[in-house]
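Peer 1: Please find the sequence and the predicted model below.
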Amino acid sequence: MLGFVIQRLIQASLVMAAMSVIVFVGVYAIGNPIEIIIPPEATQEIREATIRSLGLDLPLWKQYFIFVGNLTEGDFGRSFIYNLPVLELILGRLPATLELVLISVISATVGGVVLGIYAGYRPDSIIAKTIMAVSVLGFSVPSFWVGLILILTFAVNLGWLPAGGRGETVSLFGVQWSFLTFDGLSHIVLPALNLAFFKLAMMIRLARAGTRETMLTDTIKFARAAGISEGRILRRHLLKLISIPIITVFGLELGSTLAFAVVTETIFSWPGVGKLIIDSIAVLDRPVMVAYLILTALLFVLINLTVDLVFAFIDPRIRAKGA
């Protein structure tokens with residue numbers, strides 16, 4: 001097991017090293033932030049002083065090594081626009097994104113697995129066909145369109161829920177959370193539904209396919225022949241057999257949703273990290289852009305590493321193969 005963990009850690013380190021180079025070069029090849037930071041009427045002396053203070057006069061390779069050196073000390077630099085430490089800026093927005101993503105992904109996973117198992121267990125029923133029709137709809141419509149329809153229906157026409165913002169928050173362990181208040185919870189419903197719709201459709205189809213395949217295996221046939229109840233077969237055997245693909249998709253979707261909840265946060269004016277990165281791109285705030293992409297890559301690497309370790313714990317064959 002130790003050799004398996006070391007091998008995965010080495011792979012994760014190489015991926016992060018490669019991503020840091022790609023992200024840094026890619027971001028610094030986009031535009032010139034000086035044209036946005038400094039007004040056109042500024043003198044040449046002011047422009048040169050600002051460029052030197054931001055370190056933009058150095059060669060790109062030297063800027064990269066300075067960035068990596070600061071990164072090892074936990075310093076992501078300072079925002080050009082907000083004049084705040086980038087890590088502080090991102091961490092200040094992270095709780096809003098985190099609670100939105102966790103609520104949407106967990107609810108979509110739980111609901112999708114339950115509905116998918118039912119659709120696979122009773123494939124010819126009207127309810128199962130309705131569930132599959134909803135899953136097809138979830139794959140077919142873009143998230144921005146779903147968000148606009150949700151706002152138009154529940155906020156504009158019915159007036160049941162707010163159209164945007166985070167609402168009232170309360171402090172827990174020094175962090176502001178909105179799901180702990182009724183007003184905050186009412187604000188999170190629509191963006192969470194928008195984020196969860198595609199994930200729900202994916203989990204339904206994944207769980208249904210796994211259920212249909214597993215119900216035909218000898219394991220289920222022997223369990224039925226032994227007189228084990230259908231409920232116990234579903235809980236003890238079916239869920240275990242379809243758990244690996246579900247865990248894989250859950251991990252990947254959690255990471256991708258955290259990283260790319262940009263559309264939903266923009267549509268619903270949700271003050272999270274996604275909204276921050278959109279604003280930073282508009283003003284070419286390079287330190288924020290680089291830090292966001294590096295942290296996103298790190299997030300995916302950590303989630304994949306965690307999923308690999310969970311696989312190895314569940315299935316010793318995977319651990320033996322990676323050793």
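Peer 2: Done, it's in.

Peer 1: Go through stretch 104-121 and flag the buried ones.
Peer 2: For stretch 104-121, a neighbour-count test (16 or more other Cβ atoms under 10 Å) marks 104-105, 107-109, 112-113, 115-121 as buried. Quick note: C-beta positions are derived from backbone N, CA and C, even for glycine.

Peer 1: between the residues you listed, which is nearest residue 283?
Peer 2: Nearest to residue 283 among the buried residues of stretch 104-121 is residue 104, at 28.5 Å by Cβ to Cβ.

Peer 1: need the buried residues of stretch 104-121 in JSON lines with secondary structure, can you?
Peer 2: Formatted as JSON lines, the buried residues of stretch 104-121 follow (DSSP: H, G, I helix; E, B strand; the rest coil):
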{"residue": "104", "secondary structure": "helix"}
{"residue": "105", "secondary structure": "helix"}
{"residue": "107", "secondary structure": "helix"}
{"residue": "108", "secondary structure": "helix"}
{"residue": "109", "secondary structure": "helix"}
{"residue": "112", "secondary structure": "helix"}
{"residue": "113", "secondary structure": "helix"}
{"residue": "115", "secondary structure": "helix"}
{"residue": "116", "secondary structure": "helix"}
{"residue": "117", "secondary structure": "helix"}
{"residue": "118", "secondary structure": "helix"}
{"residue": "119", "secondary structure": "helix"}
{"residue": "120", "secondary structure": "helix"}
{"residue": "121", "secondary structure": "helix"}
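
Peer 1: Tell me the one of these nearest residue 188?
Peer 2: Among these, and counting by Cβ to Cβ, the member closest to residue 188 is residue 104, at 9.0 Å.

Peer 1: State the distance from the closest one to residue 177.
Peer 2: Look at residue 104 and residue 177: by Cβ to Cβ, to the nearest Å, they are 15 Å apart.

Peer 1: Residue 130 too?
Peer 2: Using Cβ to Cβ, we find residue 130 at a distance of 35 Å from residue 177.

Peer 1: Could you tell me the end-to-end distance of stretch 224-231?
Peer 2: 11 Å (Cα to Cα, to the nearest Å).

Peer 1: how far does it sit from the chain's center?
Peer 2: Relative to the centre of its chain, stretch 224-231 is centred 39 Å away, using Cα atoms, centre = their mean, to the nearest Å.

Peer 1: likewise stretch 18-25?
Peer 2: Distance, centroid of stretch 18-25 to centroid of chain: 20 Å (Cα atoms, centre = their mean).

Peer 1: then that stretch to CSV, C-alphas only?
Peer 2: The C-alpha atoms that make up stretch 18-25 are tabulated as CSV, following Å, rounded to 0.1, in the frame of the first residue of the first chain:
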residue,chain,number,x,y,z
ALA,A,18,3.8,20.7,-15.7
MET,A,19,0.6,22.6,-15.0
SER,A,20,2.3,25.4,-13.3
VAL,A,21,4.5,26.1,-16.4
ILE,A,22,1.5,25.8,-18.8
VAL,A,23,-0.7,28.1,-16.7
PHE,A,24,1.9,30.7,-16.0
VAL,A,25,3.0,31.0,-19.7
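
Peer 1: what does that stretch contact?
Peer 2: 60, 63-64, 67-68, 71, 290, 293-294, 297 (Cβ atoms under 8 Å, 6 or more residues apart in numbering).

Peer 1: ok, and for stretch 292-312, which residues are buried?
Peer 2: 292-297, 300-301, 303-305, 307-312.

Peer 1: re the thing from before, so which of residue 130 and residue 177 has more stuff around it?
Peer 2: residue 177 (18 against 12; other Cβ atoms under 10 Å).

Peer 1: What distance do you get for the more buried one to residue 91?
Peer 2: Relative to residue 91, and taking Cβ to Cβ, residue 177 is found at 14 Å.

Peer 1: Perfect, I'm done here.
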